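K.L.:
Sequence first, then the predicted structure, then my questions.
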Amino acid sequence: MASISIVRSDDSYEGAIKALKLIRDELAEKIRKRRKVLIKPNFVSAFRELAATPRESVEAIIEFLKENFNISEIIIGESPAIGSFESALRNYGYHQLKEKHPEIQFIDLDSYDQREISLDDERGEKFRVYVSELMFNDDFIKISPCRAKTHDTVIVTLSIKNMVMGSIRRGYKSEMHRGYYSINYNIARLASKLMPDIGLIDGVYGMEGDGPVRGEPKKWGVILASINPVNLDVAASYAMGFDPRKIGYLYFLTSWGYGEIDPHKIRIVGEELDYVKTRFKPHRSYRQQLSWMERLSRRSA
């Protein structure tokens, strides 16, 4: 079973380095001979830094991979929901990374060819979304670094949701919002096609309350990393004070065999999971978000 590394840190760069070092051998097994890296940060909004992946944790990932593995190509790609990709790069200081690492390419995922994917909502109606073809290229080691945040529809947004929703073309992201059951189920379906190879969750300062954009800062001082993003998100959501079984897309993915829903059955290295556990204030719509479980109960009846 893939390990989850957990470290305490008040510094995104140093904490990310330490978290990656703890699972270096597992990273080597995942990376093997691949030399291309695609890092997909979370720029849900190009205008609020607390909503975005800290630049420092991305810098740590790049420098750790370059120091430990034979990396030849690095792409940082995203499709923001609010604002432009270029605005996010500028506002969050990501251009500084290219000054240190000239080989970095910044790519708006919407600029690539798109693959049409057909999905079904909870009423049985079909709809389609378009996903950047780049996200299906297995030549790349796909990495999903994100900030620990609460969410207005699916309770938490962590490494899996970052990869899935950010890969969908602008203008089609809203198609996913067709009810609480539907969005959880379809995030899981897309995740089965878009699963990142590596996830890293930066909780030095997370976002609680009305995330993923309008929440408040939560000083936590914890960073987690793994080559199994499902287990990573299960462990992180538990450590944030939530029951992973009540997070629909994690429930579906673990029921399909992608991970373990019981955080205490997941192998942890570094800090103990219960030792770093805290309580993130949920979004004000938390109770309504749990209605996906009612739909599940009706389907099981």
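P.N.:
Great, that's in hand. Numbering: from 1, shown residues only.
K.L.:
part of a helix, is residue 207?
P.N.:
No: secondary structure of residue 207 (DSSP: H, G, I helix; E, B strand; the rest coil): strand, not part of a helix.
K.L.:
quick one, what contacts it?
P.N.:
In this structure, residue 207 makes contact with 50, 51, 147, 148, 149, 150, 215, 216, 217, 218, judged by Cβ atoms under 8 Å, 6 or more residues apart in numbering. The way it works is simple: take the backbone N, C-alpha and C, and place the C-beta from them, glycine included.
K.L.:
tell me the contacts of the fourth one?
P.N.:
So that's residue 148. Taking Cβ under 8 Å, 6+ apart as the contact definition, residue 148 lies against 156, 158, 201-203, 206-207, 218, 220, 222, 236, 240, 280.
K.L.:
C-terminal to the helix or strand hosting it, what's the next element?
P.N.:
When elements are defined using DSSP states H and E, residue 148 is found to belong to strand 140-150. Elements were assigned by DSSP H and E; along the chain past strand 140-150, the next helix or strand is strand 156-157.
K.L.:
which neighbours does that following strand have in its sheet, and in what orientation?
P.N.:
strand 140-150 (antiparallel) (DSSP bridges).
K.L.:
hmm, back to that, can you give the distance from the strand holding residue 148 to the centre of its chain?
P.N.:
Between the mean C-alpha point of strand 140-150 and the mean C-alpha point of its chain there is a distance of 4 Å (Cα atoms, centre = their mean, to the nearest Å).
K.L.:
Look up how far residue 139 lies from residue 197.
P.N.:
Separation of residue 197 from residue 139 (Cβ to Cβ, to the nearest Å) stands at 12 Å.
K.L.:
and the two? which has more neighbours close in?
P.N.:
The residue with the greater number of neighbours, taking residue 197 and residue 139 and applying other Cβ atoms under 10 Å, is residue 197; the counts read 19 against 9.
K.L.:
any idea how far residue 96 is from that one?
P.N.:
Using Cβ to Cβ, residue 197 is found at 25 Å from residue 96.
K.L.:
just residue 277 next, same as before
P.N.:
Using Cβ to Cβ, one obtains 34 Å as the distance from residue 277 to residue 96.
K.L.:
Just the helices from the protein, written as ranges.
P.N.:
Secondary structure of the chain, counting by DSSP state H: helices at 12-22, 24-31, 55-68, 85-91, 95-100, 159-167, 180-194, 229-239, 248-255, 286-289, 292-300.
K.L.:
Please render those as JSON lines that adds mean neighbour count to the earlier fields.
P.N.:
Below are these laid out as JSON lines (neighbours: other Cβ atoms under 10 Å):
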{"stretch": "helix 12-22", "mean neighbour count": "22"}
{"stretch": "helix 24-31", "mean neighbour count": "15"}
{"stretch": "helix 55-68", "mean neighbour count": "19"}
{"stretch": "helix 85-91", "mean neighbour count": "18"}
{"stretch": "helix 95-100", "mean neighbour count": "13"}
{"stretch": "helix 159-167", "mean neighbour count": "27"}
{"stretch": "helix 180-194", "mean neighbour count": "22"}
{"stretch": "helix 229-239", "mean neighbour count": "28"}
{"stretch": "helix 248-255", "mean neighbour count": "23"}
{"stretch": "helix 286-289", "mean neighbour count": "14"}
{"stretch": "helix 292-300", "mean neighbour count": "13"}
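K.L.:
nearest to residue 46, of these?
P.N.:
With Cβ to Cβ as the measure, helix 85-91 is the member of the helices of the chain nearest residue 46 (3.8 Å).
K.L.:
Need the residues that contact that closest one.
P.N.:
Looking at what lies outside helix 85-91 - Cβ under 8 Å, 6+ apart - the contacts are 43, 45-47, 49, 52, 78-80, 94-95, 106, 108-110.
K.L.:
for that helix, what is the average pLDDT?
P.N.:
Averaged across helix 85-91, the pLDDT comes to 98.
K.L.:
Please apply the same query to stretch 14-34.
P.N.:
Computed over stretch 14-34, the average pLDDT equals 98.
K.L.:
sorry, back to before: selection in PyMOL covering whichever of the contacts of residue 148 are buried, please.
P.N.:
Isolation of the buried members of the contacts of residue 148 (16 or more other Cβ atoms under 10 Å) is achieved in PyMOL through the command below:
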select buried, resi 156+158+201+202+203+206+207+218+220+222+236+240+280
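K.L.:
Find the nearest non-adjacent residue to residue 210, please.
P.N.:
The spatial neighbour of residue 210 that comes closest, neighbours along the chain excluded (Cβ to Cβ, 6 or more residues apart in numbering), is residue 283 at 5.5 Å.
K.L.:
now swap in residue 234 and tell me
P.N.:
Nearest-residue entry for residue 234: residue 244, 4.4 Å, with adjacent residues in sequence omitted and distances by Cβ to Cβ, 6+ apart.
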